[in-house]
Structures are given as structure tokens and as C-alpha cells.
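Enquirer: following is a predicted model, sequence given first.
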Amino acid sequence: MPHIRTKAMCIIEHHGKLLVSTNEDPITGQHFYRLLGGGVEFGETGEIAVRREIMEELGSELVNLKLATILENIFVYDGKQGHEIVFLYIGDLSRKELYSQTSIRVIESTYELEAIWVPIEELKPNNIQLYPAFDYQSFLI
């Protein structure tokens, strides 16, 4: 049965770039970027969830963390409609060496992905889309 998922994701910015994962829809072949983070588990707050997810994905604590906004995201991926409520945070990584890496391999128990630093100005219409959809440029500049 379809349901609305609750997510907690983090805007991690450094020198005009955002840390995002690279993804591709297996059916359409559309390339897209996605902020790091993941599902909020039962009994967790959004803040606890985003801290746990970033620790799992990057092995780093989040510092200077604050809630930026809450978004509703309705989308189609892999031929199926998805619906999520996203607690969108902004924060910094405690592991400063991650800021100098151009690519970070993220290995989870059920998937692997690559995280890269993408210039904010590349997140314009007609470029590769960043999800969840949000006006990141006006928010960060």
C-alpha cells in the first residue's frame, strides 16, 4: 500500500558547492542529484534521524545544525509514485577532511552511492535536477 515517507536530509555547503549524491532513474535514465540523509524511524525526531543518517553515510557528526524548512515532495522514480515529507536541515561536517575530497564513496547495508561537491550555480533549470526540489540558490546566497 502506498504511504507518505518521512525523511530528514541535510544541506552541506562549502565554498559555493553542495554535497549531493549522484543518481539515475532505472526506467527513464534521468540523472539527478539528491541531498544526503534518509528516512526518519519511528520514535526519532528529524534532527536525530539526519544526524544518524550522515554518521552512517559519511562517518561524520553534524555541527551547527539547524532546521531550514519542511518540504513536501511528490515524484515518480522507477516507474512508481513516491510521496515524502522532508525535514530539510543545514549543517557542517565535523570531519573537515571530507571538504577536500572531490568524491566520497558511501556504502550502506543495502546500497552504494557516490557523493560529490556540485557548484550551487549548476543547480539551475535545464541542468541536472537536485531533489528534493527547492530554491537552494536564493536560500544560500
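Expert: Great, that's in hand.
Enquirer: hang on, isn't Arg5 packed against Val86?
Expert: No - the pair Arg5 and Val86 fails to qualify as a contact (Cβ atoms under 8 Å) at a distance of 9.0 Å. In this view, the C-beta of every residue, glycine as well, is placed from N, C-alpha and C.
Enquirer: the more surrounded of these two?
Expert: Val86 (22 against 14; other Cβ atoms under 10 Å).
Enquirer: how near is the more buried one to Leu140?
Expert: Per Cβ to Cβ, to the nearest Å, Val86 is found 17 Å from Leu140.
Enquirer: and for Gly82?
Expert: 26 Å.
Enquirer: give me the most central residue, this protein.
Expert: Leu35 (1.4 Å; Cα atoms, centre = their mean).
Enquirer: what sits opposite that one in the beta ladder?
Expert: For Leu35, the beta-bridge partners are Val20 (DSSP bridges).
Enquirer: ok, it - contacts?
Expert: Residues near Leu35 by Cβ atoms under 8 Å, 6 or more residues apart in numbering: 9-11, 18, 20-21, 88, 130-132.
Enquirer: how about Leu71?
Expert: Taking Cβ under 8 Å, 6+ apart, we find Leu71 in contact with 85-86, 88, 132-134.
Enquirer: any chance of those in CSV, with pLDDT too?
Expert: Formatted as CSV, those follow (pLDDT from 0 to 100):
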residue, pLDDT
Ile85, 97
Val86, 97
Leu88, 97
Pro132, 88
Ala133, 83
Phe134, 81
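Enquirer: in strands only, show me the residues you listed.
Expert: 85-86, 88 (DSSP state E).
Enquirer: for Leu130, helix, strand, or coil?
Expert: Of the three states, Leu130 takes strand according to DSSP: H, G, I helix; E, B strand; the rest coil.
Enquirer: hey, what's it bridged with?
Expert: Beta-bridge pairing for Leu130 (DSSP bridges): Tyr33.
Enquirer: so it touches Leu18, yeah?
Expert: Yes - look at Leu130 against Leu18 with Cβ under 8 Å: they come within range, at 7.4 Å.
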